[in-house]
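Peer 1: got a structure for you, letters missing:
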């Protein structure tokens, strides 16, 4: 049996906006091992529609009126034939390429320092995909609505003063999917904002080409959705958003019945990254430490005492994001340290 | 005028144990630009005295009875001729080499997961300095005293059961000085545990060979002390200690009257790292964000709005440590991003 290559364009029929919902019907069903060419659209395209939209994106913004409670445009869900709760969905990201030549950062009212700045502000960047870098083109204070709280608001180019920004500054590109995950099992609409065991809005910039994600499957078929594309982000994502820009990706989706996971795990050629979440950073840090010790035991056979010592001398804990309701901490394990019994 | 090379061995006369104190007389006075060969002794040498001590270390443990309130053995203080409050002390770390072939990790009662493990445990590692790696040799539960709270306690080798640990696991070496800093200005003895504007117990594993630290000078002469040597550590230092081992270092000390800093700054060939502290990680994170924006303004001329956006799309925030009373967060700025007007 050979793998198939599917194509999933982002259209009004193949996206859902702002939520995960286990009752949403799949727009595509694939077999384990299949590839999917997928389009992920930035919900920030309205920040500079002349630069961040093309006809396909305009159509989605024009025709998809059911939005919220979260802001994220998601493509999917994709059903994996045979995936069952308790399995793990493995997503190999083979490629993640900018669709257009621009991206946008918003300092939002949910940003870490909104209390200090007391305004929302958009900075639009021009991308150089060949050089894997970006430079700011202009910025403007948000005035289109009192707060940025209507997903997909379009800011008419002439309606704001586009001011110079970040002259001489270069931002390296780190294209990745800010929100990718399986659907939670609980009935109803789940906001796309808080990340969790299902993955979702993890906002780790390492979830890009060359990386492999593992998600614990929550419902039959797994039901993967992909969106919130970023072309760069710093750990922390402090202003509330990344450098947001539409991406085209190629994913290989596989059902792993041989693995057990309680939280999403990221694997790169050199590293394993454990994700944990909490109401504040202290809670997220504690959860990350406990999950890492658990993984070092279950996957590599380390005793708990040993795993704790190993974490202290060799595992790096970092702040994934502080702006998604539930704060994120990830732990970075270097694979070369361990007798590898990995996936 | 040419620079001089000074030698500062760690002896009972040249160390102080557990504190910073502005009234402590300098053990060495140098001119800006001078080099100092310095010995830094681990206060954990008693965890396996047969492996972690030599005659020089034994003498310090035998003769220095004034210890506390912190655990750290510090060499110094070193006075910088002409340094004044408001100046910056620049420390270029030219070398940091293990003195002996072993190191120790303690999971202490101040560790992040002590409540879960409910015991203290020592893991002793053998170092391979040529391969820049370490492997565990044995571990034992702490039983010498009810808690590890007497600095420099010596555990007689035959008094504990040395058990196998971390079989097959390799720890990459990251030799660095856990505690290095200038003396705080306020009179009296300051515990060596909490890091602060003076630097001190920052516990960032990047403070090793090739790195440059900048400390805001607090008193005339700066009065630098160096200790708490580590051969490795993960960001977070979750068990309460690193991989602790004595180091010999070579430092170049320079007074920078042209710089102004409010908090310690680390520079590597590629990065600037801003350190901030707080009563919890959320406070430390907020402080790190504000200090980074301040630095991007003062050093690189970025407007505050621009600096905030830049942080969100390009600056990585990580957890330095969660076990030193004041928790630490550092922000990593890639120098290649910025029009360099740096030190």
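Peer 2: On my side now, so go ahead. Everything quoted here is computed from the prediction, not taken from an experiment.
Peer 1: would you list every one of the strands in the stretch 1-150 of chain A?
Peer 2: Ranges of strands within the stretch 1-150 of chain A are A:5-8, A:15-17, A:19-20, A:28-30, A:35-40, A:73-80, A:88-98, A:102-107, A:121-128, A:133-141, based on DSSP state E, counting those that start in this stretch.
Peer 1: Check which residues of the fourth one are buried.
Peer 2: Neighbour counts over strand A:28-30 (16 or more other CB atoms under 10 Å in any protein chain shown) mark A:28, A:30 as buried. (Each C-beta comes from the backbone N, C-alpha and C, glycine too.)
Peer 1: The fifth one now?
Peer 2: By 16+ other CB under 10 Å, the buried positions in strand A:35-40 come out as A:35, A:36, A:38, A:39, A:40.
Peer 1: who wins for proximity to residue B:211 among the strands of the stretch 1-150 of chain A?
Peer 2: Closest to residue B:211 of the strands of the stretch 1-150 of chain A is strand A:133-141 (CB to CB; 25.8 Å).
Peer 1: now the lengthiest helix in chain A: mean pLDDT?
Peer 2: Identified as the longest helix of chain A according to DSSP state H is helix A:281-300. For helix A:281-300, mean pLDDT is 97.
Peer 1: list the buried ones in whichever helix or strand comes after that helix?
Peer 2: Sequence-wise, the next helix or strand downstream of helix A:281-300 (DSSP states H and E) is helix A:304-314. Of the residues in helix A:304-314, A:305, A:306, A:307, A:308, A:309, A:310, A:311, A:312, A:313, A:314 count as buried by neighbour count, 16+ other CB under 10 Å.
Peer 1: which ones are touching the fourth one?
Peer 2: Taking CB atoms under 8 Å, 6 or more residues apart in numbering or on different chains, we find residue A:308 in contact with A:293, B:107, B:111, B:113, B:117, B:121, B:238, B:239.
Peer 1: Can you tell me which residues in the stretch 51-200 of chain A are near chain B?
Peer 2: Counting by CB under 8 Å from any CB of the partner chain, the positions of the stretch 51-200 of chain A adjacent to chain B are A:105, A:107, A:111-113, A:116-117, A:121, A:123, A:125, A:134, A:136, A:139, A:165-166, A:168-172.
Peer 1: Please check the residues you listed and keep the buried ones.
Peer 2: For those, buried by 16+ other CB under 10 Å: A:105, A:107, A:111-113, A:117, A:121, A:123, A:125, A:134, A:136, A:139, A:165-166, A:169-171.
Peer 1: got TSV for the contacts of residue A:308, with distance to residue A:53 too?
Peer 2: Listed next are the contacts of residue A:308 as TSV, based on distance: CB to CB, whole Å:
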residue	distance to residue A:53
A:293	46
B:107	54
B:111	52
B:113	49
B:117	54
B:121	58
B:238	46
B:239	51
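Peer 1: Residue A:267: which of those is nearest?
Peer 2: Nearest member of the contacts of residue A:308 to residue A:267, counting by CB to CB, is residue A:293, at 18.0 Å.
Peer 1: Can you tell me the closest non-neighbouring residue to that closest one?
Peer 2: residue A:307 (4.3 Å; CB to CB, 6 or more residues apart in numbering or on different chains).
Peer 1: so that neighbour touches residue A:292, yeah?
Peer 2: Yes - counting by CB atoms under 8 Å, residue A:307 does reach residue A:292; the two are 7.4 Å apart.
Peer 1: quick one: contacts for residue A:275?
Peer 2: Neighbour list for residue A:275: A:195, A:202, A:204, A:263-266, A:288, A:291, A:320, A:328-330 [criterion: CB under 8 Å, 6+ apart].
Peer 1: relative to helix B:281-300, how tilted is the host helix or strand of it?
Peer 2: Assigned by DSSP H and E, residue A:275 falls within strand A:271-278. On the basis of axes from the mean of the first three to the mean of the last three CA atoms, to 10 degrees, strand A:271-278 is oriented at 120 degrees to helix B:281-300.
Peer 1: partners of strand A:271-278, with directions?
Peer 2: As defined by DSSP bridges, the strand partners of strand A:271-278 come to strand A:265-267 (antiparallel), strand A:327-334 (antiparallel).
Peer 1: okay, and for chain A, where does confidence drop off?
Peer 2: In the predicted model of chain A, residues A:1, A:340-343 satisfy pLDDT under 70.
Peer 1: Try it again at 90.
Peer 2: By pLDDT under 90, the low-scoring segments of chain A are A:1-2, A:339-343.
Peer 1: Contacts only, for the residue positioned nearest the centre of it.
Peer 2: Ranked by distance to the mean C-alpha position of chain A (CA atoms, centre = their mean), the top residue is residue A:178 at 1.8 Å. The neighbours of residue A:178, taking CB under 8 Å, 6+ apart as the test, are A:72, A:201, A:202, A:203, A:207, A:227, A:228, A:229, A:230, A:233, A:242, A:244.
Peer 1: and the nearest residue to residue A:122 once chain neighbours are set aside, how many neighbours?
Peer 2: Distances taken as CB to CB, 6+ apart place residue A:47 nearest to residue A:122, at 4.8 Å, with adjacent residues excluded. For residue A:47, the neighbour count with other CB atoms under 10 Å in any protein chain shown is 27.
Peer 1: same question, residue A:23
Peer 2: 10.
Peer 1: Kindly report the same for residue A:198.
Peer 2: Neighbour count for residue A:198, taken as other CB under 10 Å: 25.
Peer 1: how much space is there between it and chain B?
Peer 2: For residue A:198, the distance to chain B (CB to the nearest CB, to the nearest Å) stands at 25 Å.
Peer 1: Surely that residue is in contact with residue A:183?
Peer 2: Yes - judged on CB under 8 Å, residue A:198 makes contact with residue A:183 at a distance of 6.6 Å.
Peer 1: Mutual contacts of these two, please.
Peer 2: With CB under 8 Å, 6+ apart, residue A:198 and residue A:183 have common neighbours A:20, A:218.
Peer 1: Show me how far stretch A:117-126 is from its chain's centre.
Peer 2: 21 Å (CA atoms, centre = their mean, to the nearest Å).
Peer 1: all helices for the stretch 51-200 of chain A, in order.
Peer 2: A:55-63, A:114-117 (DSSP state H, counting those that start in this stretch).
Peer 1: ok, back up a step: comparing the strands paired with strand A:271-278, which comes out most buried?
Peer 2: strand A:327-334 (a mean of 25; mean count of other CB atoms under 10 Å in any protein chain shown).
Peer 1: quick one: contacts of that one?
Peer 2: A:195, A:202-204, A:266, A:270-281, A:283-285, A:287-289, A:291-292, A:295-296, A:311, A:314-322, B:172, B:236, B:319.
Peer 1: again, but for stretch A:292-300
Peer 2: Residues contacting stretch A:292-300 (CB under 8 Å, 6+ apart): A:260, A:262, A:265, A:272, A:274, A:302-304, A:306-308, A:310-311, A:315, A:331, A:333, A:338-342, B:113.
Peer 1: in that stretch, what counts as buried?
Peer 2: A:292, A:293, A:294, A:295, A:296, A:299, A:300.
Peer 1: Looking at chain A, which residue reaches furthest from the middle?
Peer 2: Greatest distance from the centre of chain A, by CA atoms, centre = their mean, belongs to residue A:305 (33.4 Å).
Peer 1: show me what contacts it?
Peer 2: B:107, B:117, B:121, B:123, B:139, B:165 are the contacts of residue A:305 under CB under 8 Å, 6+ apart.
Peer 1: Go again with 10 Å.
Peer 2: Neighbour list for residue A:305: A:293, B:107, B:117, B:119, B:121, B:123, B:139, B:141, B:163, B:165, B:166, B:239 [criterion: CB atoms under 10 Å, 6 or more residues apart in numbering or on different chains].
Peer 1: my guess is the fifth one contacts residue B:139, does it?
Peer 2: Meaning residue B:121. Yes - the pair residue B:121 and residue B:139 passes the contact test of CB atoms under 10 Å, sitting 6.1 Å apart.
Peer 1: So among the contacts of strand A:327-334, which ones count as buried?
Peer 2: Buried, going by 16+ other CB under 10 Å: A:195, A:202-204, A:266, A:271-278, A:281, A:283-285, A:287-289, A:291-292, A:295-296, A:311, A:314-322, B:236, B:319, out of those.
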